[in-house]
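J.: Give me a model of this one.
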Amino acid sequence: MVFHKAICRIGDTFRRPGKEILTLIWPSVDNCPQGEVHVVSVLAIRSSKRFAVRRPIDLREETGAKRGGLMIELSCEGCRISGVNSLAYTIDQQLTLDFGEDERISGWVRWAHDGFVGVKFASALRPAELTSMLEVSRMAPERRYGT
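T.: Predicted structure coming up:
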């Protein structure tokens, strides 16, 4: 870890061929020409494990509006949904995820961009609930729809 003037922290950089694992947290004044803007990516440490899934869902807003999407990532605390108009959602917007068959989960939008929406559940899933959702969400389409 390198420190610059005790207030500007620069993260360790570990490089693999073609991939930088952790980049600058704050650019150092010494290595950044004045007025130049740098795009900085920061390694995010997740609070819970994410699982790849594929499950169509409806996002219901408080107004009653309903929009479809595809849940592609699931954790006990939330999920990532693709195939949505991310401009239609705002941070902290209340939503209900409707999985059909009277299965619903309340939550709110944590982030939205590039056709994706991140939703944090109002209450975390218990391990048995997470396992059940993973089984249903990963089931082969021909078995899920009975064809």
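J.: So for the top helix by length along the chain, mean pLDDT?
T.: Counting residues, the longest helix found in the chain (DSSP state H) is helix 127-138. Here helix 127-138 scores 90 as its mean pLDDT.
J.: do stretch 115-123 as well
T.: Averaging pLDDT along stretch 115-123 yields 96.
J.: Okay, buried residues for stretch 105-120 please.
T.: For stretch 105-120, the neighbour count (16 or more other C-beta atoms under 10 Å) marks Ile105, Gly107, Trp108, Val109, Ala112, Phe116, Val117, Gly118, Val119, Lys120 as buried. Every C-beta, even on glycine, is put in place using the N, C-alpha and C of the backbone.
J.: for the fifth one, phi and psi?
T.: Its backbone dihedrals place Ala112 at phi -150, psi 120, with angles given as degrees, to the nearest 10.
J.: residues in contact with it?
T.: Taking C-beta atoms under 8 Å, 6 or more residues apart in numbering, we find Ala112 in contact with Val84, Ser86, Leu87, Tyr89, Thr90, Ile91, Gly118.
J.: ok, now how distant is the last one from Val109?
T.: Read that as Gly118. Applying C-beta to C-beta, to the nearest Å, the value for Gly118 to Val109 is 7 Å.
J.: Packing partners of the longest helix of the chain?
T.: On a contact count with 3 or more C-beta pairs under 8 Å, 6 or more residues apart in numbering; DSSP states H and E, helix 127-138 meets strand 51-61, strand 66-74.
J.: buried sites along the very next helix or strand once past the shortest one?
T.: Next in sequence after strand 66-74, counting helices and strands by DSSP states H and E, comes strand 78-82. Buried residues in strand 78-82, defined by neighbour count with 16+ other C-beta under 10 Å: Gly78, Cys79, Arg80, Ile81.
J.: cool, stretch 97-104 as well?
T.: Applying 16+ other C-beta under 10 Å to stretch 97-104 flags Leu97, Asp98, Phe99 as buried.
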